[in-house]
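Trainee: generate a structure from the sequence data that follows.
(one chain, ligands or ions: 1)
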Amino acid sequence: MSPENTKNLSIYIHVPFCKRKCRYCAFASEDCDFDRIDPYVRALIQEIDLRSEYLMKNPELISIYFGGGSPNLLKPEHIFDILCAFQKYVKLNSLQEFTIEVNPGGINSGLLSKYRKAGINRISIGCQSIHDRELKMLGRIHTSKNIIDAVRFASDCGFSQRSLDFIYGIPGQTLESWSETLHQAISTGVEHISLYNLIFEKGTVLNTMREKGKIKPLDEDLEWQMYDLAHQMLASSGYIHYEISNWAKSGCEAIHNSVYWSGGKYLGFGAAAHSFDGERRWWNYSAVDDYLRKISDGKLPVESSELLTEANVLAEYVLLRLRTMGGMNFHDLERSTGMTSTEILEKLQDKLKLPDLEQYGRITDNRLVLNHHGWFICDYIIENVLTIIEEKL
Ligand code: SF4
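Mentor: Numbers count the residues shown, from 1 in each chain. The predicted structure follows:
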């Protein structure tokens, strides 16, 4: 099976620093010591040079994404220096999307205006909730007022692509408070909204609080009502639910993330960054010190890699495609497993034991496309599709 998008290259740059770790966070980020940022950016530039050959072979960049962590801890000069390093090897005029993630508690209009001048055209604002008590529960450093200001700064500085992230399933959150958050998000008129279900990841403060009985996760029924409410409210405000956790106004779907979901090539830079070239996946050391040490030895900071087998590629295809509105193409499965789409569907129906599969998705153009009911139990559906494939391979 060939990835649907292998011609262009996307770049991910990880900035593993935050002002303070959030209570739910399991991402690769550490509390920021500002003295570490300059050396880290110098290491990123060295890593770009170490990747010169690969970059020159893949000069058509489609997107750049600064993620974290809190990339807004980078000064505009850092962004310029990183872009200059890329410019030695690739064409930046082919870029369709250039995104930076920002924390509303760490930006001002001066900073955003300089980011815009550096060529960044999309801003992703980590809001999580518009209620201060929920932000406190999550351990965020910002307030709801910071969010309103951040969206205004982004608009004033000319960002035509603005995305907001929110979380549902926060202990203490109610359907009413979630509805207010959604209402506020919609009223900003932003082009893109991402909504994530809170996960109690091992090793996080929130998970320890849960284990000690200090907080109670919301029950699954309420989480479903929240997801359903989001689907209804956003649809009636003109947002297309194009991926399990993502909504966009028409034509404003995230290009960079769509590269991940369609099996495209991406090259990651920085601690913990992952890369994929269509066949092989590799990832960098996640501890900043390990990353810096490798770079200062003049070596690529790759911790490990894996060559995807045909079975891996197929599993990944199912996993990624069922989460999008494009759905999973049965032709690809038929070719690899020798089963017809009818056979696959019958087996799936048998395994899922759902009274009515049509309630969870539809078959269109020989594709299985889940709806938001299906997406809510997506892991369960994917697990069963993968079992059917494994039994056949
Ligand atoms: S801002 Fe994001 S990356 Fe940083 S600690 Fe909070 S959740 Fe983690």
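
Trainee: what residue ranges in the protein score low on pLDDT?
Mentor: For the chain, the stretches with pLDDT under 70 are 1-7.

Trainee: near the ligand, which residues of it?
Mentor: Within the chain, the positions lying close to the ligand (Cβ under 6 Å from any ligand atom) are 18, 21-22, 25, 27, 29, 68-70, 103, 126. Using the backbone N, CA and C atoms, a C-beta is placed for each residue, glycine as well.

Trainee: okay if I get the residues you listed as a markdown table plus distance to Arg140, neighbour count and secondary structure?
Mentor: Shown next, in a markdown table, are these (distance: Cβ to Cβ, whole Å; neighbours: other Cβ atoms under 10 Å; DSSP: H, G, I helix; E, B strand; the rest coil):
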| residue | distance to Arg140 | neighbour count | secondary structure |
| --- | --- | --- | --- |
| Cys18 | 10 | 21 | strand |
| Lys21 | 11 | 17 | coil |
| Cys22 | 6 | 21 | coil |
| Cys25 | 10 | 19 | coil |
| Phe27 | 14 | 16 | coil |
| Ser29 | 13 | 22 | coil |
| Gly68 | 14 | 24 | strand |
| Gly69 | 14 | 24 | coil |
| Ser70 | 11 | 24 | coil |
| Asn103 | 8 | 25 | coil |
| Gly126 | 8 | 23 | strand |
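
Trainee: pick out the most distant pair among those.
Mentor: Taking Cβ to Cβ, the two most distant members of those are Lys21 and Gly126; they sit 13.4 Å apart.

Trainee: so Ser304 touches Trp282, yeah?
Mentor: Yes: when contacts are counted by Cβ atoms under 8 Å, Ser304 is listed as touching Trp282 (6.8 Å).

Trainee: who has more neighbours out of these two?
Mentor: Trp282 (18 against 9; other Cβ atoms under 10 Å).

Trainee: state the helix or strand in which the closest residue to the more buried one other than its chain neighbours lies.
Mentor: The shortest distance from Trp282 to any non-neighbouring residue, by Cβ to Cβ, 6 or more residues apart in numbering, is to Ser305 (3.5 Å). Counting by DSSP states H and E, the element that carries Ser305 is strand 302-307.

Trainee: please name every helix or strand in contact with that strand.
Mentor: Here strand 302-307 touches strand 280-284, going by 3 or more Cβ pairs under 8 Å, 6 or more residues apart in numbering; DSSP states H and E.

Trainee: let me see the contact set for Val15.
Mentor: Applying Cβ atoms under 8 Å, 6 or more residues apart in numbering to Val15 gives the contacts 40, 66-71, 73-74, 270.

Trainee: let's see which of the residues you listed end up in helices.
Mentor: Applying DSSP state H to those, the entries found in helices are Tyr40.

Trainee: between the contacts of Val15, which sits nearest Leu292?
Mentor: Among those, Tyr40 lies closest to Leu292 (Cβ to Cβ), at 7.1 Å.

Trainee: what distance do you get for the closest one to the ligand?
Mentor: Using Cβ to the nearest ligand atom, to the nearest Å, one gets 15 Å for the distance from Tyr40 to the ligand.

Trainee: my guess is that residue meets Ile295, correct?
Mentor: No: counting by Cβ under 8 Å, Tyr40 does not reach Ile295; the two are 9.5 Å apart.

Trainee: can you give me the helices in the stretch 151-300 of the chain?
Mentor: Counting by DSSP state H, counting those that start in this stretch, one finds helices in the stretch 151-300 of the chain at the ranges 175-187, 205-211, 220-236, 255-261, 288-296.

Trainee: any idea which of the ones you listed is most buried?
Mentor: Highest mean neighbour count of those: helix 255-261, a mean of 21 (counted as mean count of other Cβ atoms under 10 Å).

Trainee: what comes into contact with that one?
Mentor: 5, 8, 10, 12, 62-65, 96-97, 99, 243, 246, 264-266, 320-321, 323-324.

Trainee: now the buried members of those.
Mentor: Among those, those buried by neighbour count (16 or more other Cβ atoms under 10 Å) are 5, 8, 10, 12, 62-65, 97, 99, 243, 246, 264-266, 320-321, 323-324.

Trainee: now the residues of the chain next to the ligand in a markdown table, with distance to Ser163?
Mentor: As requested, those are exported to a markdown table (distance: Cβ to Cβ, whole Å):
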| residue | distance to Ser163 |
| --- | --- |
| Cys18 | 19 |
| Lys21 | 23 |
| Cys22 | 19 |
| Cys25 | 19 |
| Phe27 | 17 |
| Ser29 | 19 |
| Gly68 | 15 |
| Gly69 | 17 |
| Ser70 | 16 |
| Asn103 | 14 |
| Gly126 | 10 |
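
Trainee: Glu253 contacts Tyr242, doesn't it?
Mentor: Yes: counting by Cβ under 8 Å, Glu253 touches Tyr242, with 5.3 Å between them.

Trainee: re earlier: columns distance to Arg367 on top of the helices of the stretch 151-300 of the chain, output as CSV?
Mentor: Formatted as CSV, those follow (distance: least, Cβ to Cβ, whole Å):
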stretch, distance to Arg367
helix 175-187, 29
helix 205-211, 37
helix 220-236, 20
helix 255-261, 14
helix 288-296, 40
